[in-house]
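J.: the following block contains a protein sequence and its predicted model.
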Amino acid sequence: MNSPIRVRFAPSPTGKLHVGGARTALFNWAYARGRGGKFLLRIEDTDPERSTKEFETAILEGLRWLGIDWDEGPDVGGPHAPYHQRLRIERHREYAQKLFGMGRAYRCFCSRERLEELSKRQEAAKERLAYDGLCRRLSKEESERRAAVEPFVVRFAVPAGETRFLDHVRGECVFQNAEVEDWVMVRSDGNPTYNFVVVCDDIDMEITHVFRGEEHLVNTPKQVLLYKAFEAKVPEFGHLPLMLGTDKKKLSKRTGDTALQDYRDKGYPKAAIVNFLCLQGWSIDGERVVFSVDELVQRFDIKDVQKAGAIFDLDKFVWLAGEYIRHEPLEALAVNCAPFVVQAGLMTSEQIGARVEWWLSIVGAERERLRTYADLVGRMQYLFAPDENLAFDAAGEAAARKHENRVATLSAFHGWLAERAKSGYDPAKVRDEAKQWVAAQGWKIPQLFQPLRLALSGQMGGPDVFDMIGWLGVERSLARIADAARRLA
RNA sequence: GGCCCCAUCGUCUAGCCCGGCCUAGGACACAAGGUUUUCAUCCUUGCGACAGGGGUUCGAAUCCCCUUGGGGUCACCA
């Protein structure tokens, strides 16, 4: 009988939630949820210099926003509380003491200067850069004596041999212990280091599977050795391929946005973000690209994760975002777009609330042109511009000027519309009648519609012109048409 | 540089573990065409890859070796 699956995501609150971290969390979460396991969250705040409460809050919020929930964690508690690493320090000291008592760890009194010299020497000699184990050979007595008067760190005494572990992404991994240095477990200020506490906590929290970024692969032998020293069950691992920038290096701010927050602020639908992140290193089958979180949970398996790193393809991400927007129910889409329009200062939420029909009509008409919620801002800006001297798109204006009788056409339409709208304005009806009227004049459709679209919106592309007239209102539309006729002369 | 990891269209990937169904499938991007009042959407078509070299085998994208290329990591950070 296998023990129940327990996985965790352990971010360190030293920055915003990275998209790579978000993907790691997602995969861990999906793995647990798909198998009736537990997903826990633990804050790795052992570096007091760089950890902040603000980042921690932002990370938790980001995870929740994505739809990730945890069974145990800093804010929800659990049987293995606390879930802040910093608060578990007494426990870590116990573990360190135990190891020290067993002779599996030793005090190291080497000064930073000596260490620096050592690595300089090793570099010059083109040797492996590692601690040379000088203090490992100190007698117990000398160690005790010096400990009373000198500062020291505690190093793990790496045994001879080799270390193996199971990685579900890469298969069986083997490292020669000779390649693993006697790394620092406890700093000179008495605080334990990451590689040490992560194992203590994972043992205490009964973590069964550790899925994390590939950059941790080389840490794994150190950690496995620790599990063995404690005679604890070694968890199964899974090192996820790195998310790469367009330079093929680890995704960094240099080549694009790295924080989940950035994409949220730019108006990407969260379902698209989740979907896209999963596509980096995993696929549901070879065919489908768009899938739901439920399907992810149902189908995700660590064994299907790709080994090679994945370049973050913004083009595909943008397309996927548009795909989600096109399939979102209109009401939801309108609700999601609203904050961006409000934030841009186009309207207040009260104003939107007062014109729901109008608002929904615009959102519905523009949706196929949106890739993010924020795109709507730019798309509807023209509606809020003054009716006089509306900014014309240069190419649009050039195109409109190509029509010989543009001014006469526009003026004639102005007269027709003014007359026609006296009995009220219904876009569908007016559209039909306008087309008949244009044909009756012996005109080609673009002869009117091209300059008209420019007159109303300043753009050469966009929604149906009769919808635009409806949104602007007949009065303002007439004003714009008259203004354009004057300017295009 | 040491150690470790990786290698299918430009990009994300299916296929690889358990060789034949692969004249290598899908998606994005790109190109062409169609629909449309324009843009967009949508539809159709096209372009386009098993890094190279050796083995093993009747047969290799799939197994083995080498080369090349790329990446990760070498902290009293996590």
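T.: On my side now, so go ahead.

J.: so how many other residues sit close to the nearest residue to A:Ala421 once chain neighbours are set aside?
T.: Taking C-beta to C-beta, 6 or more residues apart in numbering as the measure, A:Ala421 lies nearest to A:Val474, with 4.4 Å between them; neighbours along the chain are not counted. All C-beta atoms are positioned from the backbone trio N, CA, C, and that covers glycine. Here the neighbour count serves as a burial measure; for A:Val474 (other C-beta atoms under 10 Å) it reads 17.

J.: which parts of the stretch 251-400 of chain A sit against RNA strand B?
T.: A:279-283, A:285-289, A:304, A:306-311, A:313, A:315-316, A:319, A:322-323, A:326, A:368-369 (C-beta under 7 Å from any atom of the strand).

J.: same thing but at 6 Å, please
T.: Within the stretch 251-400 of chain A, the positions adjacent to RNA strand B are A:279-281, A:283, A:286-287, A:289, A:304, A:306-311, A:313, A:315-316, A:319, A:326, A:368-369 by C-beta under 6 Å from any atom of the strand.

J.: show me the contacts for A:Tyr83.
T.: Contact partners of A:Tyr83, counting by C-beta atoms under 8 Å, 6 or more residues apart in numbering, are A:40-43, A:72-74, A:77.

J.: what do you get if the cut-off is 7 Å, keeping everything else the same?
T.: Residues counted as contacts of A:Tyr83 (C-beta atoms under 7 Å, 6 or more residues apart in numbering) are A:41-43, A:72-74.

J.: picking that back up, of the residues of the stretch 251-400 of chain A next to RNA strand B, buried ones?
T.: A residue is treated as buried here by neighbour count (16 or more other C-beta atoms under 10 Å); on that basis the buried members of these are A:279-281, A:283, A:309-311, A:369.

J.: now, the most widely separated pair of those residues?
T.: Of all pairs drawn from those, the one with the longest distance (C-beta to C-beta) is A:Gly309 and A:Arg369, at 33.5 Å.

J.: if I pick the residue in the stretch 351-489 of chain A that RNA strand B sits nearest to, what's in contact with it?
T.: As assessed by C-beta to the nearest atom of the strand, RNA strand B sits closest to A:Gly461 within the stretch 351-489 of chain A, at 2.5 Å. Contacts of A:Gly461 were listed using C-beta under 7 Å, 6+ apart, and none were found.

J.: circling back to that earlier point, filter the residues of the stretch 251-400 of chain A next to RNA strand B down to the ones in strands?
T.: Among those, the residues falling in strands (DSSP state E) are A:310-311.

J.: tell me the contacts of the residue in the stretch 251-400 of chain A that RNA strand B sits nearest to?
T.: When distances are taken as C-beta to the nearest atom of the strand, the stretch 251-400 of chain A reaches nearest to RNA strand B at A:Gly286, 2.7 Å away. A:Gly286 makes no contacts at all, as judged by C-beta under 7 Å, 6+ apart.

J.: ok, now the one 3 residues further on?
T.: A:Val289 makes contact with A:Leu279 under the criterion C-beta under 7 Å, 6+ apart.

J.: low-confidence ranges, the stretch 301-450 of chain A, go.
T.: Regions of the stretch 301-450 of chain A meeting the criterion pLDDT under 70 are absent.

J.: returning to that earlier point: ok but the residue of the stretch 351-489 of chain A closest to RNA strand B is inside a strand, no?
T.: No. Looking at A:Gly461 with DSSP: H, G, I helix; E, B strand; the rest coil, it is coil, so not inside a strand.

J.: for the stretch 151-300 of chain A, which segments count as helices?
T.: Taking DSSP state H, counting those that start in this stretch to define them, one finds helices in the stretch 151-300 of chain A at A:194-204, A:220-229, A:260-265, A:270-279, A:293-299.

J.: next, format the ones you listed as a markdown table and append mean pLDDT.
T.: Putting the helices of the stretch 151-300 of chain A into a markdown table (pLDDT from 0 to 100) gives the following:
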| stretch | mean pLDDT |
| --- | --- |
| helix A:194-204 | 97 |
| helix A:220-229 | 97 |
| helix A:260-265 | 97 |
| helix A:270-279 | 98 |
| helix A:293-299 | 97 |
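
J.: could those helices be laid out in TSV, adding distance to A:Ile445?
T.: Formatted as TSV, the helices of the stretch 151-300 of chain A follow (distance: least, C-beta to C-beta, whole Å):
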stretch	distance to A:Ile445
helix A:194-204	68
helix A:220-229	67
helix A:260-265	40
helix A:270-279	36
helix A:293-299	45
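
J.: out of those, flag the one nearest A:Arg121.
T.: Closest approach to A:Arg121 among the helices of the stretch 151-300 of chain A is made by helix A:220-229 (23.5 Å; C-beta to C-beta).

J.: what is the burial count for A:Lys140?
T.: A:Lys140 is flanked by 10 other residues according to other C-beta under 10 Å.

J.: next one: the one 5 residues further on
T.: The tally of other residues near A:Arg145 (other C-beta under 10 Å) stands at 12.

J.: please apply the same query to A:Leu410.
T.: 26.

J.: measure it to A:Gly73 for me?
T.: According to C-beta to C-beta, to the nearest Å, A:Leu410 and A:Gly73 sit 64 Å apart.

J.: same deal with A:Leu63?
T.: With distances defined as C-beta to C-beta, the gap from A:Leu63 to A:Gly73 amounts to 9 Å.

J.: with A:Pro241 instead?
T.: Using C-beta to C-beta, we find A:Pro241 at a distance of 26 Å from A:Gly73.

J.: ditto for A:Asp47
T.: With distances taken as C-beta to C-beta, A:Asp47 is found 20 Å from A:Gly73.

J.: these two: which has the busier surroundings?
T.: Neighbour comparison, A:Asp47 and A:Gly73: the larger count goes to A:Gly73, with 21 against 15 (by other C-beta under 10 Å).

J.: bridging residues for that one?
T.: Partner residues in beta bridges with A:Gly73: A:Gly77, with DSSP bridges as the criterion.

J.: correct me, but it touches A:Lys38?
T.: No. When contacts are counted by C-beta atoms under 7 Å, A:Gly73 is not listed as touching A:Lys38 (10.6 Å).

J.: quick one: the strands in the stretch 1-150 of chain A?
T.: A:6-9, A:38-41, A:105-108 (DSSP state E, counting those that start in this stretch).

J.: same for the last one, what does it pack against?
T.: With contacts taken as 3 or more C-beta pairs under 7 Å, 6 or more residues apart in numbering; DSSP states H and E, strand A:105-108 sits against helix A:140-149, strand A:153-156.

J.: what's around A:Leu285, how many residues?
T.: Just to correct that, residue A:285 is Asp rather than Leu. Counted with other C-beta under 10 Å, the burial measure for A:Asp285 works out to 8 neighbours.

J.: need the contact list for it.
T.: Remark: with contacts taken as C-beta under 7 Å, 6+ apart, A:Asp285 is in contact with nothing.
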